[in-house]
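Engineer: sequence plus the predicted model coming up.
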Amino acid sequence: MQAIVQEQYGSPDTLALKDVDRPLPGPGQVLVAVRAASVNAADWHVMRGDPYLARLQLGPRRPRARIRGRDFAGEVVAVGDGVTHVPPGDEVYGETGLSDGAFAEYVCAPVGQVAAKPASLTFEQAAAVPLAGATALQGLRDVARLQPGQRLLVNGASGGVGTFAVQLGRVYDAHVTGVCSTRNVELVRSLGADTVVDYRQQDVAALGQRYDVVLDLVGNRSLGDLRRLLPPAGTLLLSGGGTSNGGSLLGPMGLILTGSLIGRFVRQRLVSYTATPTTERLTELARLADAGAVRPAIDRTFPLAEVPAAIRYLETEHARAKVVITVP
């Protein structure tokens, strides 16, 4: 099969389309013929080994997993031992494990990280959902426990996670404020934001508003700035992927680590979390998609061979919403 392979850390130029062996599903895994995948900030973080501290997990000199990509949608072609409820032929979507990559013609994934593809979505649309949608759902529903009438601020509202967070805020009957750049104001408003703040024209901190939940997806403000946007019992969710500014030791992890430390001593909830696209979360996102409550917003689509260009676009051009990869 063909896949996007990386042999060393670096720029998108280190990625190449190569012929590799088709994987075999192990116990508890499904083998999926990939019809579409999508690009996340996590892909360029792994590609560059940035921040450097993450290389302790990713691999000290090169990525342990050679194939990039996490989100996918496609058709099950085989299953491993112990998998009985996802038969070959099912259309599914989900996220790979740490040792497999979705920028390929076939991918193996843990059965607990896949679900039936939303019937109302194309493969390209479905592939845009798993990591971004699950990050937003987990943060707002499971961690912050967002309630009707609460005020939600999404910093980075036009990105992959942000576009889902704005829509989920409306699902939970919250008052949603989205922060984005000028060119994305209409997109964020169309997704249901009650208030849209163009950060090029106005600092959200200058509005004098307080928000019950602040979801920071950018990591471009200090912890003190973010805390001042909260009431005494508010919740700050730290899940920023940032943008590529060259190698760094900590990157967005610096803000996350500081928040975790200070959060032990203040009344406000300062929470960082790692998103996990479980079958339950993916099934809920599919239900919302099929009900018309949540729809993926897609900026651009690239073929598999042009994954390097897709990642370069995501990390340097401030792509709005999701960038999708089509697989022939």
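Structural biologist: Thanks, I have the structure now. Numbering: from 1, shown residues only.
Engineer: any idea how far apart the tips of stretch 137-155 sit?
Structural biologist: End-to-end span of stretch 137-155 (C-alpha to C-alpha, to the nearest Å): 16 Å.
Engineer: correction: stretch 121-130
Structural biologist: 13 Å.
Engineer: for stretch 69-84, same thing?
Structural biologist: 26 Å.
Engineer: now find how far off-centre it is within its chain.
Structural biologist: Computed by C-alpha atoms, centre = their mean, to the nearest Å, the chain-centroid distance of stretch 69-84 equals 20 Å.
Engineer: now swap in stretch 219-231 and tell me
Structural biologist: On C-alpha atoms, centre = their mean, the centre of stretch 219-231 falls 22 Å from that of its chain.
Engineer: buried residues in that stretch, which are they?
Structural biologist: Applying a neighbour-count criterion of 16 or more other C-beta atoms under 10 Å, one finds Gly219, Asn220, Arg221, Leu223, Leu226, Arg227, Leu229, Leu230 buried in stretch 219-231. Quick note: C-beta positions are derived from backbone N, CA and C, even for glycine.
Engineer: wait, the fifth one touches Gly234, no?
Structural biologist: No. Using C-beta atoms under 8 Å, Leu226 is not in contact with Gly234; the gap is 9.9 Å.
Engineer: returning to what we had before: could the buried residues of stretch 219-231 go into CSV alongside distance to Val166?
Structural biologist: Listed next are these as CSV, based on distance: C-beta to C-beta, whole Å:
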residue, distance to Val166
Gly219, 18
Asn220, 18
Arg221, 19
Leu223, 23
Leu226, 18
Arg227, 22
Leu229, 17
Leu230, 19
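Engineer: and which of the residues you listed is nearest to Val327?
Structural biologist: Of all the buried residues of stretch 219-231, Gly219 has the smallest distance to Val327: 31.2 Å, by C-beta to C-beta.
Engineer: that closest one and Ala132: what is the separation?
Structural biologist: 16 Å (C-beta to C-beta, to the nearest Å).
Engineer: helices of the stretch 1-150 of the chain, start to end?
Structural biologist: Ranges of helices within the stretch 1-150 of the chain are 41-48, 55-58, 123-127, 130-137, based on DSSP state H, counting those that start in this stretch.
Engineer: pLDDT averaged over the shortest one, what's the number?
Structural biologist: Yep, that's helix 55-58 we're talking about. Averaging pLDDT along helix 55-58 gives 62.
Engineer: same check on the third one?
Structural biologist: Model confidence over helix 123-127 averages 98 on the pLDDT scale.
Engineer: output the contacting helices and strands for it.
Structural biologist: strand 29-39, strand 71-79, strand 91-95, strand 298-303, strand 322-326 (3 or more C-beta pairs under 8 Å, 6 or more residues apart in numbering; DSSP states H and E).
Engineer: now these as TSV including mean neighbour count, mean pLDDT and distance to Val5?
Structural biologist: Converted to TSV, the helices and strands packed on helix 123-127 look like this (neighbours: other C-beta atoms under 10 Å; pLDDT from 0 to 100; distance: least, C-beta to C-beta, whole Å):
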stretch	mean neighbour count	mean pLDDT	distance to Val5
strand 29-39	27	98	14
strand 71-79	24	98	16
strand 91-95	25	98	19
strand 298-303	18	97	16
strand 322-326	24	97	15
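Engineer: neighbours of the closest residue to Arg22 other than its chain neighbours, how many?
Structural biologist: Spatially, and ignoring its direct neighbours in sequence, Arg22 is nearest to Met1 (4.7 Å; C-beta to C-beta, 6 or more residues apart in numbering). The number of residues packed near Met1 is 14, by other C-beta atoms under 10 Å.
Engineer: so Met1 touches Leu24, yeah?
Structural biologist: No. Counting by C-beta under 8 Å, Leu24 is not a contact partner of Met1; they are 11.9 Å apart.
Engineer: any idea how far the residue lying closest to Phe123 once chain neighbours are set aside lies from Ser158?
Structural biologist: Leaving aside its sequence neighbours, Phe123 sits nearest to Arg35 (C-beta to C-beta, 6+ apart; 3.8 Å). Here the criterion is C-beta to C-beta. By it, Arg35 lies 26 Å from Ser158.
Engineer: hang on, the earlier thing: which residues does the residue nearest to Arg22 contact?
Structural biologist: Asp19, Val20, Asp21, Arg22, Ala104, Glu105, Tyr106 (C-beta atoms under 8 Å, 6 or more residues apart in numbering).
Engineer: include pLDDT, neighbour count and distance to Leu140 when you put these into TSV, please.
Structural biologist: Shown next, in TSV, are those (pLDDT from 0 to 100; neighbours: other C-beta atoms under 10 Å; distance: C-beta to C-beta, whole Å):
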residue	pLDDT	neighbour count	distance to Leu140
Asp19	97	9	42
Val20	97	16	38
Asp21	96	8	40
Arg22	97	15	38
Ala104	98	30	31
Glu105	98	18	35
Tyr106	98	24	33
